[in-house]
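In: give me a 3D structure for the following:
(chains A and B)
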Amino acid sequence: MVIADDRIAPTPTKGGSNVSRIRFDKSIVGLVPFFLFLGYFLLYPIAAIVSASLHDNRHHLTLSLYHNLFFGNYRDAFIGSFKLAFYSMLVAGIAGAIICWAVVKTNGVVRTITSSAAGVLANTGGVPLAFMFIAAFGQEGLITKLLLKVFHWDLYAGSFDLYNFWGILLVYCFFQIPLMVIIFTPALENLKIEWVEANESLGGTKFQYFRHVLIPVLLPSFFSACLLLFASAFSAFATAAAMSNGTIPLVPLLIGNLVNGNVIPSEANQGDALAMGMVIVSLVVIAGYLLLLRLTRKR
Amino acid sequence: MKRQFTWFDRAIIAVTAFFFLAPLIAAAEYSARGYGNKGHTLSNYVWIVHEQGFWPALLTSMRISILTVVLVMVLMVPTVVYIQLGGRKYRRLVEILCLLPIVIPVVSLAIGAQVAMPKFMQSTSYELCCFYVVVAMPYVYRTLDIGLQSVALTTLVEASQSLGASWTNTLTLVIIPAIRSSTMGALFITFALSLGEYTLAILLHFHTFPTWATNVSQENLYGSIAISVTTLGGAWILLILIAFAPRLKALFESKKERAI
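Out: Down below sits the predicted model:
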């Protein structure tokens, strides 16, 4: 660790900084371990797939692997992932925002229990969540049987199946909604009680408060939270892999199949192009998120 | 801000609680079913411990998690302190770099690791630690940064150094104790994340606890549901305990004072 090394000679500080009395090297040297680590374990692997995705199996420079992404099952997978991410963003975004509305009013024990539950579900999700749902909503599941017995509602009568698109969407909601609660709560906590009072003293109705105060204030942070939800669902792998055995066309599952050796030699680098496709989609989404965040901060 | 708690809010909380608790309860019931759906036993929970590969998988995951926590702390605490003290002009750059692991899908990172890492790295499970550090980095940076902003870091460092402490001593004896709660928070996030991580482990062909749990689901579905209930419930209870720990401690101490 360079910064813990007191043999570094202090460099003269320019411009009379208030930390000038501390013996401290102001050059970038203290950040070298951080940069080296991220460089080797994050930027280098990404650079490697950029390079691999631009070469065909005879090591010629080509864009054909990216061209392939627009056809056949690669195209279906991107559409599938996009659809899943979009629907789960809509459901989780709206449901999560409504839940946040109630959660910010709680305090003490209820608050601790909800926030810790949200933390567990949003982060450890994945595989355990998948099995939990098989137990609850599967053909033999407790909730499936309960719905049939009490409400005479056969969950499996329609197009629902835990292993098809709608089933996966249901499971995704169980980590997307908690994620929304975590991201969106700070925005609601920043609302000021004075605004309600101001609205009342000016003779505004509840609807006017909602229309002219809440919506304009919250909309940017709502949209940016939704974009994060989209990115999270788009790149989720564990839940889909544990549940669908690759029956639903999703990009992460396709990549997983390619990694596990089900590859035709002519498609050797196709996985890299798919991975880059995901990176590009995520970059676009996160760029939108940053833009919206900047707009919110300006207010 | 404090607003009034209406029946509408109560209804939302009740529906949400039902929506999220029902599957967990259903899974708990399912996992405790006996053979042929007769009666309830804990045999599936006993089965977990006796199943082949359970202990090796758990130990591997534990070892990787502990090493990840150590690595992330050794790397990130000095970095964040450095940025707060003297490297403020690099703050923006570091923040952007710390956003990258969130932006880049873990699946893509796994592919990159396969292409880029040398053979000697790919043959040991320590490769996973390094990538878990990368994945946990955004959360650790955020948590430590918030913690450090709430203490008078410059004053602490000046005081420590005027008493003749070296940088190592200042870091371990002054700064880390001053931000203990956020250090613990960062530590817990990293530990939980690396214990439950599935994507990198399976794509890089390592055998950790989550990949083991998925593998055995093919022979005993009840058992793997029992594993899920234990994982989710255990993590939740642990988090609640950590959140209540300061209050419990205060309660304990006030009782002790009253006793005196």
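
In: for residue 148, pull up the helix or strand it's in.
Out: Here I'm looking at chain A. helix A:142-151 (DSSP states H and E).

In: switch to chain B, that's the one I care about
Out: Going by DSSP H and E, B:Leu148 is in helix B:126-149.

In: if we can go back for a sec, from the chain's centroid, how far away is the helix or strand following the helix holding A:Leu148?
Out: Downstream of helix A:142-151, the next assigned helix or strand under DSSP H and E is helix A:165-189. Put simply, helix A:165-189 sits 10 Å off its chain's centre (C-alpha atoms, centre = their mean, to the nearest Å).

In: is any part of whichever helix or strand comes after helix A:165-189 close to chain B?
Out: As assigned by DSSP H and E, the chain's next helix or strand after helix A:165-189 is helix A:193-201. Yes: using C-beta under 8 Å from any C-beta of the partner chain, helix A:193-201 reaches chain B at A:193, A:196. All C-beta atoms are positioned from the backbone trio N, CA, C, and that covers glycine.

In: tell me what helix A:193-201 is packed against?
Out: On a contact count with 3 or more C-beta pairs under 8 Å, 6 or more residues apart in numbering or on different chains; DSSP states H and E, helix A:193-201 meets helix A:206-209.

In: let's see the helix it packs on as CSV, backbone CA atoms only.
Out: The C-alpha trace of helix A:206-209 is given here as CSV (Å, rounded to 0.1, in the frame of the first residue of the first chain):
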residue,chain,number,x,y,z
LYS,A,206,-55.1,17.0,-2.6
PHE,A,207,-55.3,16.4,-6.3
GLN,A,208,-53.7,19.7,-7.1
TYR,A,209,-50.9,18.9,-4.6
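
In: tell me the buried residues in that helix?
Out: A:Tyr209 (16 or more other C-beta atoms under 10 Å in any protein chain shown).

In: now the angle from the next helix or strand after that helix to helix A:165-189?
Out: Using DSSP H and E, the helix or strand that follows helix A:206-209 in sequence is helix A:215-235. Here helix A:215-235 runs at 140 degrees with respect to helix A:165-189, directions being taken by axes from the mean of the first three to the mean of the last three C-alpha atoms, to 10 degrees.

In: what's the angle from helix A:215-235 to helix A:193-201?
Out: Per the same axes, to 10 degrees, the angle that helix A:215-235 makes with helix A:193-201 is 130 degrees.

In: what about stretch A:122-139, near chain B?
Out: Yes: Stretch A:122-139 reaches chain B (C-beta under 8 Å from any C-beta) through A:123-124, A:126-137.

In: sort out for me which of the residues you listed are in strands.
Out: Counting by DSSP state E, those place none of their members in strands.

In: next one: B:Glu197 from chain A, what distance?
Out: Distance from B:Glu197 to chain A, counting by C-beta to the nearest C-beta, to the nearest Å: 8 Å.

In: how many neighbours does the nearest residue to that residue once chain neighbours are set aside have?
Out: Once flanking residues are discounted, B:Glu197 sits nearest to B:Tyr132: 6.3 Å by C-beta to C-beta, 6 or more residues apart in numbering or on different chains. Counted with other C-beta atoms under 10 Å in any protein chain shown, the neighbours of B:Tyr132 add up to 26.

In: and the two most separated of the residues of stretch A:122-139 next to chain B?
Out: Pairwise distances across the residues of stretch A:122-139 next to chain B (C-beta to C-beta) peak at 22.2 Å, for the pair A:Asn123 and A:Phe137.

In: these two: which has the busier surroundings?
Out: Relative neighbour count places A:Phe137 above the other of A:Asn123 and A:Phe137, with 23 against 19, counting by other C-beta under 10 Å.

In: next, the contact list for the more buried one, please.
Out: A:143-144, A:155, A:162, A:167, A:170, B:23 (C-beta atoms under 8 Å, 6 or more residues apart in numbering or on different chains).

In: swap in A:Val103?
Out: A:Val103 neighbours (C-beta under 8 Å, 6+ apart): A:111, A:114-115, A:181, A:185, B:13.

In: again, but for A:Trp195
Out: A:209, A:213.

In: quick one: the longest helix anywhere in chain B near chain A?
Out: Using DSSP state H, we find that the single longest helix of chain B is helix B:221-259. Yes: with C-beta under 8 Å from any C-beta as the criterion, chain A is reached by helix B:221-259 at B:221, B:224-225, B:227-229, B:231-232, B:235-236, B:239-240, B:243-244.
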